[in-house]
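Asks: Test case, fold it:
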Amino acid sequence: MTSLASDFAIRTEGLTKRFGSQLAVNGVDLRVPSGAVFGFLGPNGSGKTTTIRLLLGLASATSGEIEVLGRPMPDDLAAVLPEVVHSSKAPAFTRTCRGLQTFIASIPPTATRHPEPAAHACRPRSNAWGSPMLRGKR
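Replies: Alright, predicted model coming up:
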């Protein structure tokens with residue numbers, strides 16, 4: 001696979017994963033441009049989580065090639081993992097101040113952090129009648 005690190009954050013060719021006779025991921029050719037927001041949508045059992053696990057080096061591909069941030073995976077796993085953040089579920093817990101603070105604290109120190117949204121979300125506000133209230137409290 002020719003590296004195009006400046007163009008793609010994620011690149012796969014023929015990515016395949018089998019569990020015995022069960023085909024979980026079937027020849028995926030994927031190109032995610034650098035700076036893009038990307039997600040997987042599909043029914044249960046369609047290979048979304050397996051594909052992400054393959055991309056992050058948490059599972060081994062049966063065949064195919066993977067490149068993340070211009071580096072071959074899983075060969076450069078140690079260099080890539082500190083640079084990525086992954087959430088396998090929607091962060092619904094961020095609806096409260098504590099949840100938002102916990103989520104932001106979990107971001108690796110190598111990632112760019114923006115703590116201002118958490119501070120803003122947790123400041124006391126006043127409702128329409130002038131009484132103090134906290135965003136996220138029910």
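Asks: mind checking how far the nearest residue to V28 once chain neighbours are set aside is from S34?
Replies: Leaving aside its sequence neighbours, V28 sits nearest to L15 (Cβ to Cβ, 6 or more residues apart in numbering; 4.2 Å). Quick note: C-beta positions are derived from backbone N, CA and C, even for glycine. Going from L15 to S34 by Cβ to Cβ, to the nearest Å gives 19 Å.
Asks: The two: who's more crowded?
Replies: Between L15 and S34, counting by other Cβ atoms under 10 Å, L15 is the more crowded of the two (23 against 13).
Asks: Just list the residues touching that one, thanks.
Replies: Contact partners of L15, counting by Cβ atoms under 8 Å, 6 or more residues apart in numbering, are V25, G27, V28, D29, L30, T51, L54, A61, S63, G64, E65, I66.
Asks: Please enumerate the helices of the chain.
Replies: Shown for the chain, the helices assigned by DSSP state H span residues 48-55, 77-80, 97-105, 116-121.
Asks: Compare those and say which comes out lowest on pLDDT.
Replies: With a mean of 48, helix 116-121 has the lowest mean pLDDT of the helices of the chain.
Asks: quick one: low-confidence ranges for the chain?
Replies: 1-6, 86-138 (pLDDT under 70).
Asks: can you do 80?
Replies: Counting by pLDDT under 80, the low-confidence segments of the chain come to 1-6, 85-138.
Asks: Please enumerate the strands of it.
Replies: 8-19, 22-33, 63-68, 71-73, 125-126, 132-133 (DSSP state E).
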